[in-house]
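# Have a look at this fold, sequence not included:
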């Protein structure tokens, strides 16, 4: 049995792929204003724009019950960008909405995080603060939901006949 390209890619990607997925997720989920504010402290290297930030639509798919038949939920606006550092690392950025600066910063940060020269600076200045802010937002939502939780219980009486 031959191994498909996708299986081979996933097998060889290892932990580096998981780390990249994590920082791309962090950059995409963070509010644009927060990303741009934190980006001001990062010293960006020389780079070339491969694909300028552009806005388009993607189809969002869902599944009934999470595991049922797939269906088209609707379209969503996204903005994407691709850059290459002078040292050769290529970064991509996909963000929800129409913020071109957010997509550009996400792409540049992705490329810098792939470089051993820039990785620590971007993690400390951008990724970790964004991740902490995201965790704090999730915790606040969780606390709010927990405060409205209702616990139901049933009292059982011992009936002797």
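Looks like it arrived, so ask away. This one's a predicted model, so the numbers in the text were calculated from it and none came from an experiment.
# When you work out contacts or count neighbours from here on, use the C-alpha atoms and nothing else.
Noted.
# middle-most residue in this protein, spatially?
The centre of the chain sits closest to residue 25, judged by CA atoms, centre = their mean, with a distance of 1.2 Å.
# can I assume residue 107 sits in a helix?
Yes: in this structure, residue 107 lies within a helix as judged by DSSP: H, G, I helix; E, B strand; the rest coil.
# ok, how many other residues are close to residue 64?
9 (other CA atoms under 10 Å).
# Helix or strand for the residue nearest to the centre of the chain, just tell me which one.
Using DSSP states H and E, residue 25 falls within helix 5-29.
# a helix runs through residue 36, doesn't it?
Yes: inclusion of residue 36 in a helix is indicated when three-state DSSP is applied.
# ok, now which ones touch it?
Each residue near residue 36 by CA atoms under 8 Å, 6 or more residues apart in numbering is listed here: 101, 102, 105.
# Wait, the second one touches residue 30, no?
No: with contact taken as CA atoms under 8 Å, residue 102 and residue 30 are classed as non-touching, separated by 9.4 Å.
# what mean pLDDT does stretch 141-161 have?
Averaging the model's pLDDT scores along stretch 141-161 yields 78.
# of the contacts of residue 36, buried ones?
Among those, those that count as buried by neighbour count (16 or more other CA atoms under 10 Å) are 101, 102, 105.
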